[in-house]
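Colleague: this one's structure only:
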């Protein structure tokens with residue numbers, strides 16, 4: 001027994017000795033590593049990336065919304081609910097659209113001997129209700145359009161304003177097999193260094209509020225609006241005292257092609273008019289020059305003033321199918337815009353008035369911006385025909401075989417007044433207006449016997465000029481910081497200048513519409529956008 005006890009005590013002593021030796025070999029307790037260090041150079045929310053002198057800030061929002069009385073959701077845009085199948089206003093397209101979206105932005109900044117180097121990225125992940133459209137198969141069938149994040153392009157434009165991936169095409173007769181669909185969009189991706197901005201950013205032509213003088217509704221006419229950014233190479237000079245000036249070369253393809261249209265009468269006669277098209281052929285050629293933009297801006301305590309100018313090269317394809325048919329020479333269009341913001345007006349702290357006005361000649365997208373579109377074909381009721389219809393289209397230029405290009409002239413304005421009732425509630429009242437005017441070549445060709453005359457009744461009058469008027473009101477409630485609920489109601493009015501009655505021989509592009517007599521008449525549409533958004 002004594003022997004066992006001795007062995008146990010000896011073993012314990014040995015273990016303690018070994019443990020003591022190992023403890024003695026351990027280093028002295030180190031100071032805690034500061035993995036996240038606040039960067040105070042560029043405002044709140046920036047942190048140093050560990051091991052570097054670069055500061056980074058993460059931000060974004062999560063949004064849930066429903067748009068009523070529209071069948072696509074770019075915040076209930078006007079043009080998608082007012083052309084082709086979507087303007088038919090019958091049982092084959094949606095009466096509401098829902099969307100959920102997550103936005104992520106990454107801002108990095110590094111101080112250098114040449115100034116701050118900045119990179120900025122903003123991307124969105126969206127799930128949006130798809131639309132149903134008629135197939136014109138003779139059986140009354142419909143087809144689901146898929147779960148795209150944006151709606152179809154206006155006639156005459158280039159690709160959609162946001163890049164889409166994994167969206168799928170949906171399936172026929174109401175069966176949605178696209179359960180894992182959705183969309184990914186890239187809004188901004190640019191580098192700023194030594195006064196230069198290189199990449200995808202808001203156009204230097206735009207007013208600081210882009211499409212939103214006081215609203216959520218994306219589809220306001222009356223000015224430009226590259227809210228999702230345009231590729232550009234820009235230099236900005238800062239003269240001090242709040243005065244800056246920029247010169248920019250910006251990509252024309254994505255946002256600024258309203259169309260170069262060959263309106264030479266063809267076999268379809270005036271049927272294209274009925275669908276919101278003034279010509280038979282879209283003839284935009286390949287890119288030759290970016291848009292050239294200049295801007296001067298004054299920022300002061302009372303608000304800001306900005307003057308912008310832009311030039312656009314209208315480069316078109318051939319008159320007919322082959323190269324030997326010839327082509328019109330390039331023709332430069334231009335646009336000018338003035339914008340004014342007045343802050344802290346006497347009606348209340350934080351109240352604001354934002355207004356802008358624009359004139360374009362051969363550069364229509366600077367007035368009828370991409371998310372509003374410039375082509376419309378809307379149906380309504382009539383007391384003396386099967387239904388009424390209003391149609392209009394404003395490209396950049398028109399021509400006929402053998403002629404030069406003739407520019408389309410437009411002008412417009414938009415504005416809003418925002419009142420803060422208290423720290424939690426505010427309301428904005430806003431409006432917009434845009435007008436399009438055609439030249440002699442366009443009017444004589446469109447209103448001739450082989451175009452408008454093929455579908456119009458005796459006594460009808462032809463004039464492709466038109467106006468768009470819009471008015472709206474939005475109220476926002478912010479019960480806690482960075483969480484906002486809003487209701488945005490918008491009325492849009494198409495004031496088209498045609499009158500009388502038309503009887504088209506075919507309207508295949510508008511599903512379910514019969515061959516009948518239609519009254520030419522102005523049209524109205526209303527949209528209510530309900531939104532909940534949490535910023536972070």
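Modeller: Yep, that arrived. Given the structure is predicted, the values throughout are model-derived calculations rather than measurements.
Colleague: Of all residues in the chain, which one is nearest the centre?
Modeller: residue 371 (4.3 Å; Cα atoms, centre = their mean).
Colleague: Which helix or which strand is home to that residue?
Modeller: Using DSSP states H and E, residue 371 sits in no helix or strand.
Colleague: Strands of the stretch 151-300 of the chain, start to end?
Modeller: Assigned by DSSP state E, counting those that start in this stretch, the stretch 151-300 of the chain shows strands spanning 183-193, 196-201, 230-240, 243-250, 260-262, 281-282, 291-300.
Colleague: Which elements pack onto the last one?
Modeller: In this structure, strand 291-300 makes packing contacts with strand 243-250, strand 303-314, judged by 3 or more Cβ pairs under 8 Å, 6 or more residues apart in numbering; DSSP states H and E. To be clear about C-beta, it is placed using only N, CA and C from the backbone, and glycine gets the same treatment.
Colleague: how big is the angle separating the first one from strand 196-201?
Modeller: Counting by axes from the mean of the first three to the mean of the last three Cα atoms, to 10 degrees, strand 243-250 lies at 60 degrees to strand 196-201.
Colleague: If you count contacts, what does strand 243-250 end up packed against?
Modeller: Against strand 243-250 (3+ Cβ pairs under 8 Å, 6+ apart) you get strand 230-240, strand 291-300.
Colleague: winner for burial among the ones you listed?
Modeller: strand 291-300 (a mean of 18; mean count of other Cβ atoms under 10 Å).
Colleague: show me where pLDDT drops low in this structure?
Modeller: 1-35, 71-86, 134-140, 145-181, 267-276, 279-281, 506-509 (pLDDT under 70).
Colleague: what's around residue 113, how many residues?
Modeller: 4 (other Cβ atoms under 10 Å).
Colleague: same question, residue 201
Modeller: There are 23 residues near residue 201, going by other Cβ under 10 Å.
Colleague: repeat for the one 4 residues further on
Modeller: By other Cβ under 10 Å, the residues close to residue 205 number 29.
Colleague: Could you do residue 407 as well?
Modeller: 22.
Colleague: for it, what are its contacts?
Modeller: 314, 331, 333, 361, 362, 396, 397, 439 (Cβ atoms under 8 Å, 6 or more residues apart in numbering).
Colleague: now do residue 91
Modeller: Counting by Cβ under 8 Å, 6+ apart, the residues that residue 91 touches are residue 512.
Colleague: which element is it on?
Modeller: Per DSSP H and E, there is no helix or strand for residue 91.
Colleague: rewinding a little: and the strands of the stretch 151-300 of the chain as TSV, adding distance to residue 116?
Modeller: Listed next are the strands of the stretch 151-300 of the chain as TSV, based on distance: least, Cβ to Cβ, whole Å:
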stretch	distance to residue 116
strand 183-193	8
strand 196-201	12
strand 230-240	13
strand 243-250	16
strand 260-262	41
strand 281-282	44
strand 291-300	19
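Colleague: Show the buried residues in the contacts of residue 407.
Modeller: 314, 331, 333, 361, 362, 396, 397 (16 or more other Cβ atoms under 10 Å).
Colleague: Could you list which of those residues belong to strands?
Modeller: Among those, the members falling in strands (DSSP state E) are 314, 331, 333, 361, 397.
Colleague: got a list of what the fourth one touches?
Modeller: Residue 361 makes contact with 333, 334, 335, 407, 409, according to Cβ under 8 Å, 6+ apart.
Colleague: make it 7 Å
Modeller: Residue 361 sits next to 333, 334, 407, 409 when contact means Cβ atoms under 7 Å, 6 or more residues apart in numbering.
Colleague: Ok, the first one next?
Modeller: Taking Cβ under 7 Å, 6+ apart, we find residue 314 in contact with 260, 330, 331, 333, 362, 396, 397, 405.
Colleague: try the last one
Modeller: Taking Cβ under 7 Å, 6+ apart as the contact definition, residue 397 lies against 260, 314, 331, 362, 405, 406, 407, 408.
Colleague: re the thing from before, redo the contacts of residue 361 as CSV? Include distance to residue 201.
Modeller: Output for these, formatted as CSV (distance: Cβ to Cβ, whole Å):
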residue, distance to residue 201
333, 23
334, 22
407, 28
409, 29
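Colleague: Give me the distance between the residue lying closest to the residue nearest to the centre of the chain once chain neighbours are set aside and residue 454.
Modeller: Computed as Cβ to Cβ, 6 or more residues apart in numbering, the closest residue to residue 371 that is not its neighbour in sequence is residue 218, at 4.4 Å. Plainly put, residue 218 is 36 Å away from residue 454 if you go by Cβ to Cβ, to the nearest Å.
Colleague: Then residue 294?
Modeller: In terms of Cβ to Cβ, residue 294 sits 45 Å off from residue 454.
Colleague: for residue 46, same thing?
Modeller: For residue 46, the distance to residue 454 - Cβ to Cβ - is 64 Å.
Colleague: Could you count how many residues lie near the nearest residue to residue 299 once chain neighbours are set aside?
Modeller: Leaving out its chain neighbours, the residue that sits closest to residue 299 by Cβ to Cβ, 6+ apart is residue 242, at 4.0 Å. By other Cβ under 10 Å, the residues close to residue 242 number 12.
Colleague: which residues touch the helix or strand harbouring residue 335?
Modeller: Element membership of residue 335, judged by DSSP H and E, is strand 331-343. Residues outside strand 331-343 that contact it (Cβ under 7 Å, 6+ apart): 205, 207, 223-224, 302-314, 352-363, 366, 396-397, 405, 407.
Colleague: circling back: and of the contacts of residue 361, the nearest to residue 38?
Modeller: Taking Cβ to Cβ as the measure, residue 38 lies nearest residue 334 of those, at 47.8 Å.
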